[in-house]
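Enquirer: Provided below for reference: sequence and predicted model.
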Amino acid sequence: ELAHQAAAAGTWDWDIPAGRLMWCDHFFKLFGLDPKTAVPSFETWRGVLHPEDAAAAEDRIRQALEGRTDLDSVYRIVRPDGEVRWIEARGRGEYDRRGHPVRMIGICIDATEKRRAQKALEESERLYRAIGETIDYGVWVCAPDGRNIYASDSFLNLVGQTQEQCSDFGWGDVLHPDDAPRTIAAWKECVRTGGLWDIEHRYRGADGQWHPILARGVPVRNKQGEITCWAGINLDISSLKQAQEALESARQEAVNEKNRLEAVMEALPVGMVITDAQGGTHRANRMYDEIWGGTRPRTDQVGDYAAYKAWWADSKQPVRPDEWASAQAVQQGRTVIGQLMEIQRFDGERRLILNSAAPVLDAFGKVTASAVAIQDVTELRRMEEALRESEERYRTVFRTMSDGFSIHEVICGEDGTPCDYLFLEVNPAFERLTGLKRADVIGRTVREVLPGEDPYWIHRFGEVALTGQSAHFVNYSAALGRHYEVVAFA
């Protein structure tokens, strides 16, 4: 529950025979509902689903229960205030001896910002032909004896395997021959000793290339200390190295109570810390220590935050101890999301982080602790700045180049044959060479602008757009009375 509060997530528990739903407090907040008036039910849930996603979202729950598979669903909601948010839902069913579903529990995560960032990056790639490397990651689960029982689609797609092929030790078939013996031997030894799994090796991708993978995992134990399964992630660090991106986030599934929470905290790729009511550090994961770059000073209260050097990213002013998200959480009972600040790690290096915290309340509403999440966004910010600089260089070249340049959208008829093209953009040189003014052509088709133009232009541009093959030709424009040398590409 602490991790869910800091990561903008809410849990739900469905008693199927009784038809009863239970939602945590953060679930209500995530969906924009008032816990005092909204009743946890499918009717309430359906009421906030986006109309275009409602049927699919319900079908995925039904399919997961009928197929006895984990729920893996993405859909949109429309909050009562009209705001549209993206939700990633994960769940797992429980069944009686006859195989009938009796319970399903899960978690809903706010994925809106992730969706927006992905969409913005995709549009930038299309318009300015910038190369943006994405980070592929895979979540995996193994049985207590080390046999693989689940791998996420992202990993299976990367290596070109099905779940059946990957199961047991089938994942070893796509390991690099030089890495396979030591990896499998190390994995079996890790399973034998019950230690932490942390290794780098290479996988053969579906594209025939070798992809370096950083694998991390932890044993999940029950109350008796017995290992019930292994959970972890595979990180494709080839994209990370090429694009110098940092892993922003990876989801870890929390399926079972306190011990499961401990396992999830260690596998999360963000820094997590639990403070006490005075703001002192009670529990921190390894990533938290890595972000701070070394041994941290003891923290017993908010005043001790003075040892953590940080500056606000916008004003460059030092962050006071009482301004930290965790300080506001324990002192004021406030949830603070996304403080952007520059920190000085304890090894001297400066990094840019997002800092968030939420208060933990007891049954009487008293603050007893806070859950804190920090994420290193240095490389992401550098990538965004580089992209902005690249876009500005492109615009400068576009405006000042001596050759005419234009961007068109080819229009096809019902039979798929190009029949026209639309002017999307032209540069000043295009206006000078053709005599056509930008204000007169943008948003209009060539048949509208030049009604008597030779259809050959539509044919050649359409051929380039449909085949993806560039073309270099000379043609006469009857409408403009000039010959033009043209290089066209898609």
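Expert: Yep, that arrived. Numbers count the residues shown, from 1 in each chain.
Enquirer: Helices of the stretch 1-150 of the chain, residue ranges please.
Expert: Taking DSSP state H, counting those that start in this stretch as the criterion, the stretch 1-150 of the chain carries its helices at 2-6, 25-30, 42-48, 54-67, 112-128.
Enquirer: Output the fourth one as PDB, nothing but the C-alphas.
Expert: Read it as helix 54-67. In PDB, the C-alpha atoms belonging to helix 54-67 read as follows (Å, rounded to 0.1, in the frame of the first residue of the first chain):
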ATOM      1  CA  ALA A  54     -15.500   0.200 -21.700                       C
ATOM      2  CA  ALA A  55     -16.400  -3.000 -23.600                       C
ATOM      3  CA  ALA A  56     -12.700  -4.100 -24.100                       C
ATOM      4  CA  ALA A  57     -11.900  -3.400 -20.400                       C
ATOM      5  CA  GLU A  58     -14.800  -5.600 -19.200                       C
ATOM      6  CA  ASP A  59     -13.900  -8.300 -21.800                       C
ATOM      7  CA  ARG A  60     -10.300  -8.500 -20.500                       C
ATOM      8  CA  ILE A  61     -11.500  -9.200 -17.000                       C
ATOM      9  CA  ARG A  62     -13.900 -11.900 -18.200                       C
ATOM     10  CA  GLN A  63     -11.200 -13.500 -20.500                       C
ATOM     11  CA  ALA A  64      -8.600 -13.500 -17.700                       C
ATOM     12  CA  LEU A  65     -11.000 -15.300 -15.300                       C
ATOM     13  CA  GLU A  66     -12.200 -17.800 -18.000                       C
ATOM     14  CA  GLY A  67      -8.700 -18.500 -19.100                       C
END
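Enquirer: average pLDDT across it?
Expert: Mean per-residue pLDDT for helix 54-67: 94.
Enquirer: same check, this time on the first one
Expert: Computed over helix 2-6, the mean pLDDT rounds to 46.
Enquirer: Model confidence for the spatially most central residue of the chain, exactly?
Expert: Nearest residue to the geometric centre of the chain (Cα atoms, centre = their mean): K114, 4.8 Å. On the pLDDT scale, K114 is placed at 84.
Enquirer: Next one: it from F489, what distance?
Expert: Distance of K114 to F489, computed by Cβ to Cβ, to the nearest Å: 32 Å. To be clear about C-beta, it is placed using only N, CA and C from the backbone, and glycine gets the same treatment.
Enquirer: Check F42 too.
Expert: 52 Å.
Enquirer: Using PDB, list the CA coordinates for the helix or strand where N234 lies.
Expert: In this structure, N234 sits in strand 227-236 according to DSSP states H and E. Extracted in PDB, the C-alpha atoms of strand 227-236 (Å, rounded to 0.1, in the frame of the first residue of the first chain):
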ATOM      1  CA  ILE A 227      10.500 -19.400  -1.400                       C
ATOM      2  CA  THR A 228       7.200 -19.400  -3.300                       C
ATOM      3  CA  CYS A 229       8.500 -18.000  -6.600                       C
ATOM      4  CA  TRP A 230      11.100 -15.800  -8.100                       C
ATOM      5  CA  ALA A 231      10.300 -12.400  -9.600                       C
ATOM      6  CA  GLY A 232      12.500 -10.100 -11.600                       C
ATOM      7  CA  ILE A 233      13.100  -8.100 -14.700                       C
ATOM      8  CA  ASN A 234      15.200  -8.300 -17.900                       C
ATOM      9  CA  LEU A 235      16.500  -4.900 -19.000                       C
ATOM     10  CA  ASP A 236      17.600  -4.500 -22.700                       C
END
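Enquirer: Sheet partners, orientation included, of that strand?
Expert: strand 137-142 (antiparallel), strand 210-221 (antiparallel) (DSSP bridges).
Enquirer: What's the mean pLDDT across the longest one?
Expert: Pointing back at strand 210-221 there. 89.
Enquirer: With the shortest one instead?
Expert: Rounded to a whole number, the mean pLDDT of strand 137-142 is 78.
Enquirer: Stretch 288-307 now?
Expert: In the prediction, stretch 288-307 has an average pLDDT of 89.
Enquirer: Send me that stretch as CSV with only the CA atoms.
Expert: Listed next in CSV are the C-alpha coordinates belonging to stretch 288-307 (Å, rounded to 0.1, in the frame of the first residue of the first chain):
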residue,chain,number,x,y,z
TYR,A,288,17.7,4.7,-3.4
ASP,A,289,21.3,4.3,-2.2
GLU,A,290,22.5,4.1,-5.8
ILE,A,291,20.8,7.4,-6.8
TRP,A,292,22.4,9.1,-3.8
GLY,A,293,25.8,7.6,-4.8
GLY,A,294,27.2,6.1,-1.7
THR,A,295,26.9,5.8,2.0
ARG,A,296,24.2,8.2,3.3
PRO,A,297,24.3,10.0,6.7
ARG,A,298,22.0,8.9,9.4
THR,A,299,18.6,10.5,9.2
ASP,A,300,16.4,10.6,12.4
GLN,A,301,14.3,13.7,11.8
VAL,A,302,13.4,16.3,9.2
GLY,A,303,16.2,18.6,10.4
ASP,A,304,18.8,16.0,9.3
TYR,A,305,17.8,16.6,5.7
ALA,A,306,20.2,19.5,5.7
ALA,A,307,22.9,16.9,4.9
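Enquirer: Can we start the residue count at 16 from this point?
Expert: With the count now opening at 16, the last piece we talked about shows up as stretch 303-322.
Enquirer: got a list of contacts for that stretch?
Expert: Residues outside stretch 303-322 that contact it (Cβ atoms under 8 Å, 6 or more residues apart in numbering) are 286-288, 290, 293-296, 323, 336-337, 339, 341-342, 345-346, 358, 360-364, 366, 368, 389, 391.
Enquirer: show me where pLDDT drops low in the stretch 166-315 of the chain?
Expert: Scanning the stretch 166-315 of the chain for pLDDT under 70 picks out 254-274, 280.
Enquirer: tell me the helices in it, going along the chain?
Expert: Under DSSP H, counting those that start in this stretch, the stretch 166-315 of the chain gives helices at 168-174, 178-181, 195-208, 252-258, 273-282, 301-307.
Enquirer: Run a quick neighbour tally on A79.
Expert: 21 (other Cβ atoms under 10 Å).
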